[in-house]
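Trainee: fold the stuff below for me.
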Amino acid sequence: MKKEGPLPTNPRILCWRGKCLIYIGADILGKKHFQQALNYDPDLKECQICMKKLKKSLRLKEEATEVFKAGDFKEAITKFQECVEIDPQNGHFNSTLLLNISIAYEKLGDRGLKLEALNHALKYNPKYAKALVRRGDHFAQ
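Mentor: Reported below is the predicted structural model:
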């Protein structure tokens, strides 16, 4: 595997590359690219928006996870859904959120909405193994 060279210096390229990294699940590396882009051009609106979306998504996911762990599954579903709406194009991240939503629906005993959430997760990421297994389990019951 080839070692990555120095980052480009064009802030737009850094921002776009950061988006691509975020969308494949490399949040830390994507954030690094956003920060570097903003170092070169602090006024780059597109990058500012991307950074805000990333921070808000991660914060809201943490809140939803805490609510889920506390057993408030309806509130967790609401928070996970809000998180999906922040960046509908982020398929990798959103498929994980939708899996969590399906688990919450399962805990609430709603098999129909559980299946709907799993199917939605698989639209984002058709090879998502956890969602495929859970959907298979759904039909095996």
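
Trainee: which residue is nearest the middle of this protein?
Mentor: Compute the mean C-alpha point of the chain, and by Cα atoms, centre = their mean the closest residue is F93, 1.9 Å away.

Trainee: surely that one and D87 touch.
Mentor: Yes. Counting by Cβ atoms under 8 Å, F93 touches D87, with 7.3 Å between them. All C-beta atoms are positioned from the backbone trio N, CA, C, and that covers glycine.

Trainee: so which bits of the longest helix anywhere in the chain are buried?
Mentor: Identified as the longest helix of the chain according to DSSP state H is helix 45-69. Across helix 45-69, burial judged by 16 or more other Cβ atoms under 10 Å covers C47, Q48, C50, M51, L54, S57, L60, K61, E63, A64, V67, F68.

Trainee: repeat for stretch 16-36
Mentor: Buried positions in stretch 16-36, judged by neighbour count with 16+ other Cβ under 10 Å: 16-19, 21-23, 27, 30-34, 36.

Trainee: could the residues you listed be laid out in JSON lines, adding secondary structure?
Mentor: Shown next, in JSON lines, are the buried residues of stretch 16-36 (DSSP: H, G, I helix; E, B strand; the rest coil):
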{"residue": "W16", "secondary structure": "helix"}
{"residue": "R17", "secondary structure": "helix"}
{"residue": "G18", "secondary structure": "helix"}
{"residue": "K19", "secondary structure": "helix"}
{"residue": "L21", "secondary structure": "helix"}
{"residue": "I22", "secondary structure": "helix"}
{"residue": "Y23", "secondary structure": "helix"}
{"residue": "D27", "secondary structure": "helix"}
{"residue": "G30", "secondary structure": "helix"}
{"residue": "K31", "secondary structure": "helix"}
{"residue": "K32", "secondary structure": "helix"}
{"residue": "H33", "secondary structure": "helix"}
{"residue": "F34", "secondary structure": "helix"}
{"residue": "Q36", "secondary structure": "helix"}
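
Trainee: from the residues you listed, pick the one nearest D43.
Mentor: Closest approach to D43 among the buried residues of stretch 16-36 (Cβ to Cβ): F34, at 13.8 Å.

Trainee: contact partners for the closest residue to K32 other than its chain neighbours?
Mentor: Leaving out its chain neighbours, the residue that sits closest to K32 by Cβ to Cβ, 6 or more residues apart in numbering is G18, at 7.6 Å. Contacts for G18 (Cβ atoms under 8 Å, 6 or more residues apart in numbering) come out as L29, G30, K31, K32, H33, F34, A37, C47, C50.
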